[in-house]
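Peer 1: Here is the input, now give the coordinates:
(chains A, B, C and D)
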Number of protein chains: 2
Amino acid sequence: MSDASGLVAGEPAGAAVKRRQIRPKAERRQQLIDSTIRCIAQRGLSSVTMQMVTREAGLSVGIANLHFQSKDNLLKETLRFVADEYHGGQIEIMSGSDMPDLGQRLDALLDFQFGRGVTQRQKMSVWFAYYGEAGARPVYQKIVATSDRFAAQKLEALFVEIIKEGGYVGSDARELAIGYSALIDGLHLGLLVTPRELTKRCARAVARDFLRRAFPLHVR
Amino acid sequence: MSDASGLVAGEPAGAAVKRRQIRPKAERRQQLIDSTIRCIAQRGLSSVTMQMVTREAGLSVGIANLHFQSKDNLLKETLRFVADEYHGGQIEIMSGSDMPDLGQRLDALLDFQFGRGVTQRQKMSVWFAYYGEAGARPVYQKIVATSDRFAAQKLEALFVEIIKEGGYVGSDARELAIGYSALIDGLHLGLLVTPRELTKRCARAVARDFLRRAFPLHVR
DNA sequence: TGTCGGAATGAATAATCATTCATTCTAGGT
DNA sequence: ACCTAGAATGAATGATTATTCATTCCGACA
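Peer 2: The predicted structure follows:
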């Protein structure tokens, strides 16, 4: 038996032979984070295993600990990624100096919040999976709070501008910003938990209605 | 050594000697559900163990499987209990024929939603822990959806009455009900995740503001 | 007071999982 | 073509955990 391997060299053997690939660290990290997101969405945060994540990524079990040290850390980094993506996108739109019309900026915000990127079931699942654990895990609270606070400030600033421009008396920007953020979160939650009874279109309309009542001169 | 036990018979020995107690099935079930709620709030749904729950309840590990067959079932029953308690309380207030004044009924609803019972961190933690898993667990979706749908109908019916009474033209009861529910969920989420930046008092004010904009004649 | 159905116990079991690390293999540099 | 740093692998390990069930013991009833 001169050839110990089960396969003749170079043979595809039906299922393609998996070749070990070496890739830069940053790429592998992202690959694992993406895989973690898919796993959480499909199986739930509480039943995600390292085997599951690495298998989904098409890698071996050892690799996750090589790049993330521990499962706990992988989960933290995944949350950080999702939070940054969500709040980052929002912040970009709200600051958007390339969009001078304020009403238009509100519409762009709605598009982002109920568009393809954010409301993919996958991302929402992950988002709320972490919220669910946040009550018991201060680390998660901290990660979310950091980017959340910044986004809240930007939103409040935008509302201040709008209130000034529209001369809406008796409206408190801070209170409205808190309300709008909460409304968006609640609608996303509805889309996740009762998708049969709440469509994306309807959710968007409800959010828009909130803005219309607050800023009638700016929204339609 | 004639006495193998560490304690002399009948001796309290500092810490009271734990005596086995036999109690009716219903009582034990509730005791275990309460314990599960505390455990989820303190440690997170994903790290709750049967040992933890039974220990917290002051019982042995076998007892949970005796009354609930499996951990999975215990978690399902716990969710059912929390969902029923929350929606049940809401429904009672909304139907409340003992409270003819509609504006007053809205205030009672606010009191319930931001009062002691519902917004205890414990209950909120549990609530969102399950929401977090709902994306991956249709069973949870189903349990919540059942009572949720009923509460949504009651809220819509209440809003229909209010709209008729106040003659609020151009207001859609269904859309407002969806918005209000989402807002409440979002505010509860905020209270849970960023308690430092959102007080209960403030959350209540934001919710009230929503109602005031929708039904100015009824709320303040 | 004695008896007994079944509630309660917890040590034992079997399964799952995160983490380690000796080994293998790749790709860029010479 | 050869060498080598370090990326990638996955079997092995040890820790946790849900679930079982032989045994213990309570308390209602006769």
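Peer 1: Mind telling me which residue is nearest the centre of chain A?
Peer 2: A:V82 (3.9 Å; C-alpha atoms, centre = their mean).
Peer 1: just checking, that one touches A:F128?
Peer 2: No: using C-beta atoms under 8 Å, A:V82 makes no contact with A:F128, being 10.7 Å away. For every residue, glycine as well, the C-beta is placed using N, CA and C.
Peer 1: State the distance from A:G117 to chain B.
Peer 2: To chain B, A:G117 is 17 Å away according to C-beta to the nearest C-beta, to the nearest Å.
Peer 1: And for A:F210?
Peer 2: A:F210 is 6 Å from chain B, by C-beta to the nearest C-beta.
Peer 1: What residues does that residue make contact with?
Peer 2: A:179-180, A:183, B:179, B:210 (C-beta atoms under 8 Å, 6 or more residues apart in numbering or on different chains).
Peer 1: Repeat the analysis, applying 10 Å as the threshold.
Peer 2: Contact analysis of A:F210 by C-beta atoms under 10 Å, 6 or more residues apart in numbering or on different chains lists A:176, A:179-180, A:183-184, A:187, A:219, B:176, B:179, B:182-183, B:210, B:213-214.
Peer 1: Likewise for A:S47?
Peer 2: Contacts of A:S47 by C-beta under 10 Å, 6+ apart are A:39-40, B:46, B:133, B:136-137.
Peer 1: Give me the three-state assignment for the nearest residue to the residue nearest to the centre of chain A once chain neighbours are set aside.
Peer 2: In space, and not counting its chain neighbours, A:V82 is closest to A:V126: 5.3 Å by C-beta to C-beta, 6 or more residues apart in numbering or on different chains. For A:V126, the secondary structure call by DSSP: H, G, I helix; E, B strand; the rest coil comes out as helix.
Peer 1: Looks like A:V126 contacts A:R80 (just checking).
Peer 2: No: with contact defined as C-beta atoms under 10 Å, A:V126 does not count as touching A:R80 (11.6 Å).
Peer 1: Name the residue in these two with the higher neighbour count.
Peer 2: For A:V126 versus A:R80, neighbours defined as other C-beta atoms under 10 Å in any protein chain shown are more numerous around A:V126 (26 against 16).
Peer 1: Could you pull up the residues touching that one?
Peer 2: Taking C-beta under 10 Å, 6+ apart, one finds A:36-41, A:45, A:78-79, A:81-83, A:86, A:120, B:132, B:135 in contact with A:V126.
Peer 1: Filter those down to just the buried residues.
Peer 2: The neighbour count (16 or more other C-beta atoms under 10 Å in any protein chain shown) marks A:36-41, A:45, A:78-79, A:81-83, A:86, B:132, B:135 as buried among the contacts of A:V126.
Peer 1: what's the most distant pair in those residues?
Peer 2: A:C39 and A:Y86 (18.9 Å; C-beta to C-beta).
Peer 1: circling back to that earlier point, now do the shared contacts for A:V82 and A:F128.
Peer 2: Joint contacts of A:V82 and A:F128 (C-beta under 10 Å, 6+ apart) do not exist.
Peer 1: As CSV, could you dump the C-alpha coordinates of the worst-scoring helix or strand of chain A on mean pLDDT?
Peer 2: In chain A, no helix or strand scores lower on mean pLDDT, DSSP states H and E than helix A:116-119, which sits at a mean of 79. C-alpha atoms of helix A:116-119 as CSV (Å, rounded to 0.1, in the frame of the first residue of the first chain):
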residue,chain,number,x,y,z
ARG,A,116,-33.4,45.8,2.8
GLY,A,117,-30.3,46.1,4.9
VAL,A,118,-31.6,46.5,8.4
THR,A,119,-34.8,44.6,8.4
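Peer 1: got the residue ranges for the helices in chain A?
Peer 2: With DSSP state H as the criterion, chain A has helices at A:25-43, A:50-56, A:62-68, A:71-95, A:102-113, A:116-119, A:121-134, A:138-166, A:173-193, A:200-214.
Peer 1: and the fifth one with helix A:138-166, angle?
Peer 2: So the one you mean is helix A:102-113. 150 degrees (axes from the mean of the first three to the mean of the last three C-alpha atoms, to 10 degrees).
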